[in-house]
Structures are given as C-alpha cells and as structure tokens.
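S.K.: below are the sequence and a predicted model for it; my questions follow.
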Amino acid sequence: MNADVRAETDLRAVFGDEHPATVRVLVPVGMLGGGFPEETVARASELGAHVIAVDGGSTDSGPHYLGTAIAKTSRTAVARDLRLILRAGRAAGIPVIVGSCGTSGTDAGVDWVFGIASEIAEAEGLELTVSRIYSEQSIHIVTKFLEAGAVNALPPAEPLTAEIVAGCSHIVGVLGHEPIVDALASGANLVLTGRATDTALIAAIPLALGMPAGPVWHGSKISECGGLCTTNPLSGGVLVSFDASGFTVEPLASDAVCTPRSVAAHMMYENADPFRMREPAGTLDTSAATYRQLDERSVRVEGSRFERAEQYTIKLEGAAPAGFQTMILVGLRDPQVLARLDEWCGGVLAYLRQNIHRQFGLEPKDFDLQLRRYGHDGVLAKGEPQRSDPPREVGLVFIATAADQQTATQLAKFANPVLLHAPLPGETALPSYAFFGSPAETERGQLHEFVLNHSVNVHSPAQLFRTVRTELVPA
Amino acid sequence: MTSTLGEVAELVRSKNAGPFWLTIDVFLANVDDYARVVGSPLTDAAFIADTYQVAADSVRIFTLPHLNAVKVSVPRPSVQGSLYDTDLHAGQQYVALLGTIID
C-alpha cells in the first residue's frame, strides 16, 4: 500500500507501542439515539475493538435542525445509547468518537452532547478526557474565503455569493479524520465533533495506525449506517476490521448477517455515484473492489482505492430562514368535489390571492399559498402518474408562508371559512368540508432552507476547527 | 413479454443523496431481468429528465452488473426541505418510475 496515504500521527498515548496488523472499529448503531441491544456493544472488549465510533447526525432530517441548531434526536434516547457506549469503551479501555453531534454538528449540538456525557460521567463514576471539536463557521470567515476565491461550487450549485452567506443562520464545515486523530493523540478518550463526514469517525484510528486509505474509507462508508449493510437493518451495529489488504465487516447482532450483496449495495445508499465518494483529502474509488463471503456472517472486501486530491477541501453546509408557516388540514370526501379537484383548488387559491391583497394589502411577493392534496398527488405532485384518476378521499393541506408567524397565521385564519365552505362553480348550496379539529390552524414556525452546496480550499485539515479539551472527574 | 418496472424489479427505492440530489436504486433478481432493464427507458437520460423535470445533461445513470442493479441520480427538482419540496427524504419518488415499460 502507498506509504504516502498513511497518517503518521503518533497514537502511542492511546495504544502504547502496539502496531496492530488488524484495526477493528465497532459501530454500535447508525445514529446515536437510534437504539441497539445492550449486549452488542458490551462485546467491544471480547471482539478486540480499538475504538467505538458513532454518528450523531446528518443533513437527512432537513434544514430545520441546522437552521435552528436544535437536535432531531430525543435527549433521553441519546443519553441511553451514550451511557452504554461510554461504559463499554471504559470497560475495554478504548476511546469513543461521536460525530456530527446534535444532528447538524453546530457548536450548540456539540455542547448538548457534552452536557449529556458530563451527566453520564458523574452518574457512572467515569473519568473521561473529552475533546470537543467545533466546526461552526462564521459568516465573516466564509466571506473571507469567498473574497479570496477559495470557494468551489459543487454540482448542481451556482457560484456562491456574499448575500447567500450573509443570509445563513448557521454554517458548519464538514471535518475530516485529521482533527479527530489529533485529539486522540493528545490523550482524549471521548471525542465529540461538530459536523464531520460520516466516514471520518470510523476512518480516524485505522488511518492513524497505518491501514491503507482505500479500504479504510470504503469500509467506513459501508459501516457508517451500522446495521444497514446487513440483512437485518434494524439489528443495531457492525464490527469493521481493517488490515493491509482490505477490510472485513460483520454484524454485531446474532440475528443478522452480511452478504456480498448487502454490503456492496450499501455503497449505493444515499450516494449519487455508487463508485466514487469525495472526502476532504481525496476521492474513494470502489470500481475495482471485490466482495466475497468470508464465513456465514462476514464479508471480505479488497481492491478499493483512494485518490489523493491536489487540493484539500472542506465542504460547507448552511441553512437560511425562509419565512414562517401556518397550515390547515381539511378532509375532502364529496365525490363531486373530488371529481373536479383541480378546478376546486384553483378556484380557492385564486379567490384567496385576490382577496388577500384587498384585506391585508399584501403583494404576491409577500406571501405564498399552497394546497397539497394527500391521497391524490400530494407526494409526487406534477409527476404523479395516476393524476387523472379521481381519488376517494383527500387530505388537503393548506400552507400559508409569510415573512413572520403572525402574518402566516392571519392568512390561514382568513382562508379558514373559504376552505370550509368553498362551493364548486355553478353550485348554489353552501357545502362544508371536514376540518381536522379545533383550532383549525397549526403554526409550523420558521422554515429554513439549505443554501450552501460548496467547499472551501484550506491549507491544513484543522484550519477551520477548534478543539477544547476537558477532564471530567467524578466528584 | 412486456411488463412494467414495478413488476420486473426485486426492489426499487429512492432517497436523498445529500440535500441537493435524488437517487433511485433498482435491484433485479437475475442477469436476464438486469439486461432487460438496462435496455429499457430507465437508462435513457431524456426519459429520466422528463419524468423528474430536470435537465437531461444533469442525469447520471450507472449500471452495476455485479449487483444486477441500475442506479439513477438527478439533481433534486426542489432542494430538500425547501418551500415546494413534497418528500423530505425523497423516499417515495421512485414510484414515478414503476410504470416504465420493460420489454
């Protein structure tokens, strides 16, 4: 394997003078707080794991969590998982790495998990050396990169502008494995990171202990969702073992197995390209990888490659406020209305738009109204192939979006009698439809949108990140 | 015999690939079905572009013979979670392809 793709950081603080031929990473679950059987993680020592690595977040739950810096996961569920993981880590004498803390990896998310870890350390009597790696970026810093011409647009994004950056409520940089390795080498046995690539947490120790980059990044991608690469996706986690020529992955739970198909298929999952995946330092290429069943439960993968990039880049994620929403849910069951649903909805929207101008003095640019027709085309919208079939019943969701919550709710209140009683054209009697309940309107709060799909060129992997070390000693 | 993708495929699924991409995975049970799907409109960028209302040159199509699988990725017609997005995880968007004719 290429010596130049090996990390060289000294991890003697963690592993003494050991130079293991195989480095094992235990991934207990795809997301901290997702839950796993206690006994699967308690086997860390018996399995010879060198580290427990678990992801705490993703963008997959949408822009709200980054926009507000609030976690998607339940605090109670996160605390339960983290308690078992920290206990197993201490019992085995190995470090624990938690990535993308608090779902979106904001500074508040890192502090949220640190607070939970502190409570656990106190309650369980655990001595922990905790490194928190913060990855939130200020508008000022990102604007400096923009001015220096050091920002790259990632497909399908347009070039970044200062206005887009200035509109963000939170921006995070997605860190690679190097700051994690640095934290471990300085003696941390619990590393809590801001936003990190899902793979970096798993890759950190294998790379630092000299395992080859191709198999390490590939095995990290395969195992980052825990049991999703097995035949029983909800069974918990996996153990991934790296050596000089490849990696082996096996489920932790006895009621799951890995097959070449379940493992190879995971390279397709949530990846636009099933063969290539960009990391800060370069690109994983799995096009020459081979997958074979090693024994009843584990799969062996060899032939993965890593192409080092000329420029080290850090991906940015950013969310910006996009108005406030109020919604009303209305049940439609009348066959005549359902047979002329487009006409009825068009009439309702036209009436409201016209009269909102009269009642509120708002211009079209000041608000947005939508009618989503669940049971008809609410999910696929214009792409619905059976749009011409009349539905039996429709859950109509009215959504008003405006610059502030009060205005959105005022628009919903104004729409309320129209949604309740709108007749079909030509009808003389006043119909009424089935409102979900009272109050009719539900405030959804502030909407956020992902607005960054860009990376920045940095001169060193740790340039954008700040590490704080704390000794937790139980009283 | 002519049939639809929904009838031929062992599994069809869709998901976000980050907030800006939608990806659809099609798994076939055997090499014969795989060959039929590879030769179908599913691997035609113009057909996919029309289905999801995106530019044809942005469509990415991958054939994976080792898995008897075909993968299609397109830029999300609406960015995940934005004002007009109707499927936050893009988990149901594959359904638009289930009626694709497979010879």
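M.R.: Cool, the structure landed.

S.K.: C-alpha from now on. contacts and neighbour counts both.
M.R.: Noted.

S.K.: where in chain B is pLDDT low?
M.R.: Within chain B, no stretch has pLDDT under 70.

S.K.: where's the residue located most distally from the centre of it, which helix or strand?
M.R.: Distance from the centre of chain B peaks at B:Leu83, with 23.7 Å (CA atoms, centre = their mean). For B:Leu83, there is no enclosing helix or strand under DSSP states H and E.

S.K.: where's it relative to A:Thr401, distance?
M.R.: 9 Å (CA to CA, to the nearest Å).

S.K.: can you check A:Leu424 too?
M.R.: 26 Å.

S.K.: and A:Phe145, by the same measure?
M.R.: Counting by CA to CA, the separation of A:Phe145 from A:Thr401 is 33 Å.

S.K.: and these two? Which one has more around it.
M.R.: The neighbour comparison of A:Phe145 against A:Thr401 (other CA atoms under 10 Å in any protein chain shown) goes to A:Thr401, with 27 against 15.

S.K.: may I have the beta-bridge partners of the more buried one?
M.R.: As for beta bridges, A:Thr401 partners with A:Gln325, A:Asp368 under DSSP bridges.

S.K.: tell me who's in contact with residue 84.
M.R.: Because you didn't say which chain, this covers chain A. A:Glu38, A:Val41, A:Ala42 (CA atoms under 8 Å, 6 or more residues apart in numbering or on different chains).

S.K.: you answered for a different chain; I wanted chain B.
M.R.: Contacts of B:Tyr84 by CA under 8 Å, 6+ apart are B:Ser78.

S.K.: got the phi and psi for it?
M.R.: phi -110, psi 10 (degrees, to the nearest 10).

S.K.: not counting its neighbours along the chain, what's nearest the residue of chain B found nearest chain A?
M.R.: Across chain B, the shortest distance to chain A (CA to the nearest CA) belongs to B:Ala17, at 4.2 Å. Distances taken as CA to CA, 6 or more residues apart in numbering or on different chains put A:Glu270 closest to B:Ala17, at 4.2 Å, once the chain neighbours are dropped.

S.K.: enumerate the residues of chain B near chain A.
M.R.: Chain B has residues B:15-23, B:25, B:51-52, B:62, B:67, B:71-75, B:79-83, B:86-89, B:92-93, B:96 near chain A, with proximity defined as CA under 8 Å from any CA of the partner chain.

S.K.: the stretch 51-200 of chain A: helices as residue ranges?
M.R.: A:64-68, A:75-92, A:107-124, A:139-147, A:162-166, A:178-185, A:200-208 (DSSP state H, counting those that start in this stretch).

S.K.: format those helices as CSV; extra columns: distance to A:Pro20 and mean pLDDT.
M.R.: Output for the helices of the stretch 51-200 of chain A, formatted as CSV (distance: least, CA to CA, whole Å; pLDDT from 0 to 100):
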stretch, distance to A:Pro20, mean pLDDT
helix A:64-68, 39, 98
helix A:75-92, 16, 97
helix A:107-124, 29, 98
helix A:139-147, 40, 98
helix A:162-166, 45, 98
helix A:178-185, 16, 96
helix A:200-208, 10, 97
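
S.K.: packed most tightly, which of those helices would that be?
M.R.: Using mean count of other CA atoms under 10 Å in any protein chain shown, the stretch among these with the greatest mean number of neighbours is helix A:200-208 (a mean of 28).

S.K.: got the angle for it vs helix A:178-185?
M.R.: Interaxial angle, helix A:200-208 versus helix A:178-185 (axes from the mean of the first three to the mean of the last three CA atoms, to 10 degrees): 60 degrees.
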